[in-house]
Every structure is written in structure tokens, then in C-alpha cells.
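1. The sequence and its predicted three-dimensional model are supplied below.
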Amino acid sequence: MRPLFIVISAPSGAGKTTLCDLLLQNYPEICYSVSCTTRKPRINEEDGVDYHFLSVETFKKMIAEGRFLEHALVHDNYYGTLKAPVYEVLREGQCMLLDIDVAGAEQVRNFVADLPDDDPMKIGFIDIFINPPSLEELLSRLEHRGTDSQAVIEKRVRNAEKEMDRANEYMYQVTNDDLHTAFKRLCDIINVKAQLI
Ligand code: ADP
Ligand code: 5GP
């Protein structure tokens, strides 16, 4: 596969992690960009695998050092994508997958738009927004996941509407109603892009 630079966003609970995990299992040539965050790890999360878990102080120092391709404050915590691994993976001819919020995606989109047209990062770039079937289903998935407090869940659902208002900024949208159907649509988008470049 040609080196694709794939950005995926979705409201929390829409199933982005589930879909990204399926993509990574099915496409060994896709690498997952491990983000940095100041959020506390969830019970099943491993430092360096799910996220690089950092203190606010360290995160801010890394912002000042210019080490992030993008960063944003999401649900009261900092999140950011390190520049170095993205460049390295794409330089090696592999694909890079970013799971980031709408503000981060906008920064990446603007960055890519300013690149020369023959830059591999620009040629391989696609961004995809995952929609939940409804806000009720989103709430239900977050509650069933059981990883967040009720206050955190309520904040995430409140933010979801604002995030979904920006779905049309993305090249593609996928609704994660039935998981198998959503995954197939995601694969179709990626396969078509890979054939085009
Ligand atoms: P996100 O990464 O977007 O926050 P997750 O991938 O953690 O979301 O999914 C949230 C919850 O919803 C998880 O418990 C997951 O198993 C479940 N889930 C994901 N996709 C579907 C689907 N298509 N139908 C029903 N439940 C789903
Ligand atoms: P969670 O805390 O549920 O893992 O993620 C919360 C939100 O932060 C999700 O929308 C996720 O896509 C986003 N996110 C994760 N990593 C990054 C990142 O590196 N940059 C930005 N801007 N958002 C991120």
C-alpha cells in the first residue's frame, strides 16, 4: 500500500477506538500514532501503547519545544500528536493513522494544505469523521463502556453535538451503526485512496 496519512475523528463513544483497532488488525502496514495526553490512564490502558501519559508541566514544555504536529485541549485535558514518529513512519513508506479530535484535525488539515503538492504527506492525506447513529446511542455506549464517571460522560455527550457540527469539514463521513458495515465502509475509503495515489 502507498503511504497514506489517515486522520480519524469522532465524538467520544462513537466507536473510533474499536474501528481503529480493526483497521490495525487488518492492515499491518498501518501504524497507529500514539498520542500524548495529560488525561489519567483508564484501567485497561498502557503507557506508551494507548497514550504517552504526561503531566501538564511536561506537556506544556513539549509544546514550547515545538514537538507537536498538533495539540488541543479536549474535555479539559491536553492531547497532542508528536511530529517525529509521523515523519519517520511516512518516510519509511508506511501508513500513519491519527485518532484525534476536530480541533487537532483542523490543525493537521491546515498544515497539509500548506505543503507542496508533490509532498508524500499531502498526496496520501485523507480525513474521516465517524458519526454515532444518535446522541442517545452515544450516551448508551459510553455508559456501557464503563470507563468514565457520569460527569465525564455528560461532558463528552455535550461536546459531541459541537463536534458533529464539524463533520462536513472532513473528506469522508462514516456512521458507526452496525460495526461490520461501518468497518467495511472505512476499508473501502482507504482502499480506493490507496489505488488512486
Ligand atoms: P471511542 O474510541 O470513539 O470513544 P470506543 O471504540 O471505545 O469509542 O467505543 C465505545 C463503546 O461502544 C465501546 O464499549 C465499544 O465496544 C462500543 N461500540 C463500538 N462500536 C459499536 C457498534 N457499532 N455497535 C455497538 N457498540 C459499539
Ligand atoms: P479519550 O480520552 O476518549 O481517549 O479521547 C478523547 C478525545 O481526544 C477523542 O476525541 C480523541 O480523538 C482525542 N485525541 C486523542 N489523541 C489526540 C491527539 O493527539 N490530538 C488531539 N487533538 N486529540 C486527540
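-> Received, thanks. Ligands and ions are numbered 1, 2, ... in the order given.

2. Test my guess that residue 67 contacts residue 83.
-> Yes. Counting by CB atoms under 8 Å, residue 83 is a contact partner of residue 67 at 6.2 Å. All C-beta atoms are positioned from the backbone trio N, CA, C, and that covers glycine.

3. For the lowest-mean-pLDDT helix or strand in the chain, list the C-alpha coordinates in CSV.
-> Within the chain, no helix or strand scores below helix 120-123, which has a mean of 92 by mean pLDDT, DSSP states H and E. Output of helix 120-123 as CSV, limited to C-alpha atoms (Å, rounded to 0.1, in the frame of the first residue of the first chain):
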residue,chain,number,x,y,z
PRO,A,120,4.0,12.4,0.1
MET,A,121,2.3,13.6,3.2
LYS,A,122,-0.1,15.7,1.1
ILE,A,123,-0.6,13.1,-1.6
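
4. oh, and call the first residue 18 from now on, that's how I've got it
-> With the count now opening at 18, the last piece we talked about shows up as helix 137-140.

5. The following helix or strand past it pairs with which strands, and in what direction?
-> Where DSSP states H and E defines the elements, the next helix or strand beyond helix 137-140 is strand 142-148. Applying DSSP bridges, strand 142-148 is found paired with strand 22-26 (parallel), strand 189-192 (parallel).

6. Just the buried residues of the longest one, please?
-> Along strand 22-26, the positions that meet the burial threshold by neighbour count (16 or more other CB atoms under 10 Å) are 22-26.

7. can you give me the mean pLDDT across it?
-> Averaged over strand 22-26, pLDDT sits at 98.

8. and the residue in the chain that ligand 2 sits nearest to, what pLDDT?
-> Nearest residue of the chain to ligand 2, counting by CB to the nearest ligand atom: residue 121, 2.3 Å away. With respect to pLDDT, residue 121 has a value of 98.

9. picking that back up, same list (the buried residues of strand 22-26) but as a markdown table, adding distance to residue 212.
-> A markdown table is the format used below for the buried residues of strand 22-26 (distance: CB to CB, whole Å):
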| residue | distance to residue 212 |
| --- | --- |
| 22 | 16 |
| 23 | 15 |
| 24 | 19 |
| 25 | 20 |
| 26 | 24 |
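
10. and which of those residues is nearest residue 142?
-> Nearest to residue 142 among the buried residues of strand 22-26 is residue 22, at 4.7 Å by CB to CB.

11. isn't the closest one right up against residue 132?
-> No. Counting by CB under 8 Å, residue 22 does not reach residue 132; the two are 10.3 Å apart.

12. what touches both of the two?
-> Listed as contacting both residue 22 and residue 132 by CB atoms under 8 Å, 6 or more residues apart in numbering are residue 138.
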